[in-house]
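**Student:** Next input, structure requested:
(one chain, ligands or ions: 1)
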Amino acid sequence: MSRLFLLNHLDSHLKMSECVMEEEERAESTVSSCVSMKSDLSKDKPYNFGIGPQGSPLKMDEDRAESTVPSWVSLKSDRSKDGGIIDFRSSEEIERGEHILSNWDQSAPPGESSCSQPGSRSGDAEMKPKQRSDLQEVIEGHKMSLKRRCEHVTEGTHEAGSGTLLNKIYTELYITEGQSEEVDTQHEVRQLERTSKKNIQDTPIKCQDIFKVLSEQQRHIRVVLTNGVAGVGKTFSVQKFSLDWAEGLENQDISLVLPLSCRELNLIRDEQHSLLSLLHVFHPTLQKIRAEDLTVWKLLFIFDGLDESRFSLGFNKHQVISDVTQVSSVEVLLVNLIQGNLLPSALIWITSRPAAAHQIPPSCVDRITEVRGFTDSQKEEYFRRRFSDEDLSKRIISHIKASRSLHIMCLIPVFCWITAIVLEDMMTRDQRGELPQTLTDLYSHFLRVQIKRKKQKYGGKQRPEELTEADKELLLKLGRLAFEHLEKGNIMFYSEDLERCGLDVSEVSVYSGVCTEIFKRESVIFQNQSTALFI
Ligand SMILES: Nc1ncnc2c1ncn2[C@@H]1O[C@H](COP(=O)(O)OP(=O)(O)OP(=O)(O)O)[C@@H](O)[C@H]1O
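**Tutor:** Numbers count the residues shown, from 1 in each chain. Okay, here's the model as predicted:
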């Protein structure tokens, strides 16, 4: 059955926005405390694709999927038609491949972590030259493929995102080792304000160092859990880590970096796979690898967005699997990987919003890190990187500094992105109205900018700024959908949910430009008498 997955990023924003509106009304007075268990400010990964008869993501229409899934799933196979890996490598790259393998050959076997059992790396010593060069070829093919997937960011509309290089806009994030607190139930503005006042005991850690042993007290780090609220930059960190590896800049002792998005793993939740076939599905460049290669290489599995997974990870009662060709459910494979029964030498990096992180037993985790967002100077650097027009970035920075709530919220990178979109639009056209001072203002303008972009994209007779009756009706229905699911705590919508709110699935697909724009990122607040409507 064809299903439409749309993401609702709005769940806590009912609470949040109630608070923010109160806050705004009370200007600089104390921020009220509201429950904001899980903030869903961001998602730049809208799902909008069909699942094939077996639910296989590989059966997607390639063109459509390419434009809608900024994903780790390589929809276009990187293999040439006859199944051979395309050799994109320069001689330098080939040499580097050799270097990677020899690094691994020389490196000490990983130690054991709390959950792991002794690993086996047998086989590398006996590797024949032909086998070795085949493996290098696979590694290099995978690096090229990963680089292509990671070097561009897919924020905003497809057109806007497709041209943006990650390295151009990536701004260093403030990441710490250890976990700050329990899940915070306070209103986000208040949480963030507190977070920004750094605790002197926080130990900053660079993203590229998360698997490195940094002090004598530490032992081998096998499993890292990275926490962080919505939109704080977990996925961007994964993307940057992967890109730096694929470009040969960092962590070159790792043979293969294997990002797997939990949201995409949901798509094969009902299927049976071996770890090997799972890799073939999500990383088609690795079709050539064999079971024994996996035990020889130093692998890093990245499970991004545990909070979005629909698995129930039963760590206590599950089948034990130690063979990469043994078929089972994806959740059983995951648990066995994390516990170290399957590929005990493999490194595992899991990212999650705080509310879902408890699914991983602490005994399995060697290091916890937390993405805290941008410090004040990183906020400014973000805007300077974003705009080549220095004057524009200066004006935007000074506007943000002048507004307390905007400045606090810019701790979260996705909020910087919204602010950049809105203020750029307002400052670069003949705009007489006041610049947004409050979050409500900002979200309202954001919706307007997104609708305008959609109209420019799809055309239409009326001026891009004008809303037709049909637009209004659609927005209200989307608002209802978001509101109802916000109350239920759902973050994903199915076609049935859309139909229940009077939305025609095919219409929404046609309008996916605006729908995904609206759904994927932000709650936009309309104040309609005393009610807050979220879109
Ligand atoms: N380091 C960064 N440099 C520049 N922009 C960033 C950075 N990190 C995040 N962003 C901006 O914030 C947006 C959201 O980031 P990201 O998707 O990584 O958040 P997340 O923590 O994975 O959120 P979620 O929990 O909702 O999945 C990005 O699309 C980008 O616009």
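**Student:** okay, and for the stretch 201-350 of the chain, where does confidence drop off?
**Tutor:** Filtered on pLDDT under 70, the stretch 201-350 of the chain yields the residue ranges 201.
**Student:** what does it put close to the ligand?
**Tutor:** If contact is defined as CB under 6 Å from any ligand atom, the residues of the stretch 201-350 of the chain in contact with the ligand are G228, A230, G231, V232, G233, K234, T235, F236, G305. (Each C-beta comes from the backbone N, C-alpha and C, glycine too.)
**Student:** any idea which of these is closest to M427?
**Tutor:** Minimum separation from M427 among those (CB to CB) is found for G231, which lies at 22.9 Å.
**Student:** Might one say that the closest one is in contact with C410?
**Tutor:** No - G231 is not in contact with C410 according to CB atoms under 8 Å; the separation is 11.2 Å.
**Student:** what about these two, which has more around it?
**Tutor:** Taking other CB atoms under 10 Å, G231 and C410 do not tie; C410 has more neighbours (29 against 26).
**Student:** Nearest spatial neighbour of whatever residue of the stretch 401-535 of the chain ends up closest to the ligand, chain-adjacent residues omitted?
**Tutor:** In the stretch 401-535 of the chain, the residue that lies nearest the ligand is P413 (3.2 Å; CB to the nearest ligand atom). Ranked by CB to CB, 6 or more residues apart in numbering and with sequence neighbours excluded, the top spatial neighbour of P413 is G233, at 4.8 Å.
**Student:** So what's the residue count around the one you found?
**Tutor:** The burial count assigned to G233 is 28, neighbours taken as other CB under 10 Å.
**Student:** cool, Y382 as well?
**Tutor:** Around Y382 there are 25 other residues, counting by other CB under 10 Å.
**Student:** pLDDT score assigned to it?
**Tutor:** Per-residue pLDDT puts Y382 at 97.
**Student:** One more: the one 10 residues further on?
**Tutor:** At L392, the predicted lDDT confidence score is 93.
**Student:** Over to Q136?
**Tutor:** Reading off the per-residue confidence, Q136 sits at a pLDDT of 85.
**Student:** What are the buried residues along the biggest helix by length in the chain?
**Tutor:** Counting by DSSP state H, the longest helix found in the chain is helix 129-150. Counting neighbours by 16 or more other CB atoms under 10 Å, one finds that the buried residues in helix 129-150 are 131-132, 134-147, 149-150.
**Student:** so who does A291 touch?
**Tutor:** By CB atoms under 8 Å, 6 or more residues apart in numbering, the residues touching A291 are L276, D323, V324, T325.
**Student:** which residues touch L343?
**Tutor:** If a contact means CB under 8 Å, 6+ apart, then L343 has G119, L275, L294, T295, L299, V324, L337 as its contacts.
**Student:** picking that back up, strands - which of the contacts of A291 land there?
**Tutor:** Here DSSP state E is the test, and the contacts of A291 give no hits in strands at all.
**Student:** Please dump those into a markdown table; it should also carry neighbour count and distance to E473 for every row.
**Tutor:** Putting these into a markdown table (neighbours: other CB atoms under 10 Å; distance: CB to CB, whole Å) gives the following:
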| residue | neighbour count | distance to E473 |
| --- | --- | --- |
| L276 | 18 | 49 |
| D323 | 15 | 55 |
| V324 | 24 | 52 |
| T325 | 12 | 53 |
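**Student:** Residue numbers of the stretch 401-535 of the chain in contact with the ligand?
**Tutor:** Along the stretch 401-535 of the chain, the residues adjacent to the ligand under the rule CB under 6 Å from any ligand atom are P413, V414, W417.
**Student:** tell me the SS of the second one?
**Tutor:** Looking back up the chat, that one is V414. Reduced to three states with DSSP: H, G, I helix; E, B strand; the rest coil, the structure at V414 is helix.
**Student:** Give the closest residue to C150 in space, chain neighbours not counted.
**Tutor:** Taking CB to CB, 6+ apart as the measure, C150 lies nearest to L243, with 3.9 Å between them; neighbours along the chain are not counted.
**Student:** Same question for L286.
**Tutor:** L279 (5.2 Å).
**Student:** by how many degrees do the helix or strand hosting that neighbour and helix 129-150 diverge?
**Tutor:** Taking DSSP states H and E as the definition, L279 sits inside helix 275-282. In terms of direction (axes from the mean of the first three to the mean of the last three CA atoms, to 10 degrees), helix 275-282 departs from helix 129-150 by 50 degrees.
**Student:** thinking again about what came up before, now the two most distant members of the contacts of L343.
**Tutor:** Between all members of the contacts of L343, the longest pairwise span (CB to CB) is found for G119 and L275 and amounts to 14.5 Å.
**Student:** Comparing those two, which residue is more hemmed in?
**Tutor:** L275 (25 against 17).
**Student:** list the contacts for that one?
**Tutor:** The contact partners of L275, taken as CB under 8 Å, 6+ apart, are L294, V324, T325, L333, L337, L342, L343.
**Student:** host element of the first one?
**Tutor:** If you go by DSSP H and E, L294 is part of helix 291-296.
**Student:** I'd like to know which elements the helix or strand just after that helix is packed against.
**Tutor:** Counting by DSSP H and E, the element after helix 291-296 in chain order, helix or strand, is strand 299-304. Using 3 or more CB pairs under 8 Å, 6 or more residues apart in numbering; DSSP states H and E, the elements in contact with strand 299-304 are helix 234-246, strand 256-261, helix 262-265, strand 347-352.
**Student:** okay if I get those as JSON lines plus mean neighbour count?
**Tutor:** Converted to JSON lines, those look like this (neighbours: other CB atoms under 10 Å):
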{"stretch": "helix 234-246", "mean neighbour count": "23"}
{"stretch": "strand 256-261", "mean neighbour count": "23"}
{"stretch": "helix 262-265", "mean neighbour count": "24"}
{"stretch": "strand 347-352", "mean neighbour count": "25"}
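**Student:** Which parts of this structure belong to which domain?
**Tutor:** Using the TED database, the domains assigned to the chain come out as 130-373, 375-462, 467-534.
**Student:** and the contacts of L275, which two are the farthest apart?
**Tutor:** With distances taken as CB to CB, the most widely separated pair in the contacts of L275 is T325 and L337, at 14.3 Å.
**Student:** returning to what we had before: for the helices and strands packed on strand 299-304, which one sits closest to L478?
**Tutor:** Evaluated with CB to CB, the helices and strands packed on strand 299-304 place helix 262-265 nearest to L478, the distance being 20.4 Å.
**Student:** which strands and helices sit next to that closest one?
**Tutor:** Using 3+ CB pairs under 8 Å, 6+ apart as the contact definition, the elements that helix 262-265 packs against are strand 299-304.
**Student:** Which helix or strand lies directly C-terminal to the strand it packs on?
**Tutor:** With elements assigned by DSSP H and E, the helix or strand that comes after strand 299-304 is strand 328-329.
**Student:** what comes into contact with that following strand?
**Tutor:** By CB under 8 Å, 6+ apart, the list of residues contacting strand 328-329 reads R269, Q272, H273, S274, Q319, I321.
**Student:** next SSE after it?
**Tutor:** As assigned by DSSP H and E, the chain's next helix or strand after strand 328-329 is helix 330-339.
**Student:** what about the spatially closest residue to Q319 that is not a sequence neighbour, how many neighbours?
**Tutor:** Across the structure, with CB to CB, 6+ apart as the measure, the residue nearest Q319 apart from its sequence neighbours is V332 (5.4 Å). When counting by other CB under 10 Å, one arrives at 21 neighbours for V332.
**Student:** I'm done for today, thanks for sticking with me.
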